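Trainee: pasted the sequence and its predicted model underneath.
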Amino acid sequence: MDIPLSLLNALETEDIEEYLEYLKLYEHEGKELMNNERALKRKLSALRVFYAYLNKNGKIEHNPVANVTMPKIHSKAIVRMEPNEIADFLDNVEFGTKLTEQQKKHHEKNKKRDLALMTLMLGTGIRVTECVGLDINDVDFESCRIKVMRKGGSEAYVYFGDEAGMALSDYIQERIHIEGKPGHENALFLSSQRLRLGVRSVENMVKKYSIGTAPLKKITPHKNILAPRISAQNISQPRIRRTKSQEYAQHNIA
């Protein structure tokens, strides 16, 4: 549909503001549609560019969009797990107690990898990209630390605790017998296809294990439970006792 320039020129700032208000909740072809703050901001940005072009080229006499205030983006509250939820989450990763029957069929094969990855992220607060970017030789059991590649390409050492250390040790003893595909031979965490595990796979992993332990919370490995550094004191006492009762040295690779 062609819109005459005279109509565009007749619009006032109030008309644009009413249009944005309408877009928050409207009906189209019998369906109710909504736009959040980010969507409204994108639409207003498009209108600003469009009207600025018309005004610059003398197609219209004034720009009604110029004075419209850009929608403010309100940050969402960070969703975090409580200490007891974290313990249940790790138990679910380790034992698969709250997985579906279909998920349990694949759990045994990957549980050591998943537990090592999750305890490492929970215990250190490293980013998902940093975690999946780890190579086997980035793990230093003697100093209980890993070497990660930070944003911008700088390297940093991050220290891990006993529980992460044992989980990593158990997994690496399994991992060294798996040959990664060409280009992925040194990756610490491998997928079932023997490729370096990707960010999306970790997101799906967290979703799978958290649904049964925190069903009312939308948990992701970004800026949620896996973002802050969580010390052993924040993990429930049963897990601490289970961890301390095992000999860490016996799990280390010589």
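Mentor: Received, thanks. Residues are numbered from 1 along each chain as shown.
Trainee: which stretches in this protein count as helices?
Mentor: Counting by DSSP state H, the chain has helices at residues 5-10, 13-24, 37-56, 83-95, 101-124, 128-132, 162-175, 199-211, 237-244, 248-251.
Trainee: can you flag the weakest of the ones you listed by average pLDDT?
Mentor: Among the helices of the chain, helix 248-251 carries the lowest mean pLDDT, a mean of 36.
Trainee: circling back: kindly reformat the helices of the chain as TSV containing mean neighbour count and distance to residue 187.
Mentor: For the C-beta atoms, the positions are set from N, CA and C on the backbone; glycine is no exception. Formatted as TSV, the helices of the chain follow (neighbours: other Cβ atoms under 10 Å; distance: least, Cβ to Cβ, whole Å):
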stretch	mean neighbour count	distance to residue 187
helix 5-10	11	55
helix 13-24	14	45
helix 37-56	14	34
helix 83-95	19	20
helix 101-124	19	11
helix 128-132	20	8
helix 162-175	20	9
helix 199-211	18	12
helix 237-244	14	27
helix 248-251	12	21
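Trainee: let's have those in TSV, adding distance to residue 70.
Mentor: What follows is the helices of the chain, written out as TSV (distance: least, Cβ to Cβ, whole Å):
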stretch	distance to residue 70
helix 5-10	20
helix 13-24	10
helix 37-56	6
helix 83-95	38
helix 101-124	36
helix 128-132	30
helix 162-175	44
helix 199-211	30
helix 237-244	47
helix 248-251	54
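Trainee: correct me, but residue 163 touches residue 118?
Mentor: No - between residue 163 and residue 118 there is no contact under Cβ atoms under 8 Å: 10.4 Å.
Trainee: the closest residue to residue 170 other than its chain neighbours: what's it in contact with?
Mentor: Excluding the flanking residues, the one nearest residue 170 by Cβ to Cβ, 6 or more residues apart in numbering is residue 112, at 5.3 Å. Taking Cβ atoms under 8 Å, 6 or more residues apart in numbering, we find residue 112 in contact with 167, 170, 171, 174.
Trainee: so for stretch 138-152, mean pLDDT?
Mentor: The pLDDT scores in stretch 138-152 average 93.
Trainee: chain center to it: distance?
Mentor: Distance of stretch 138-152 from the chain centroid (Cα atoms, centre = their mean, to the nearest Å) equals 21 Å.
Trainee: distance of residue 34 from residue 193?
Mentor: Per Cβ to Cβ, to the nearest Å, residue 34 is found 39 Å from residue 193.
Trainee: still on that earlier bit, and the gap between the residue nearest to residue 170 and residue 177?
Mentor: For residue 112, the distance to residue 177 (Cβ to Cβ) stands at 12 Å.
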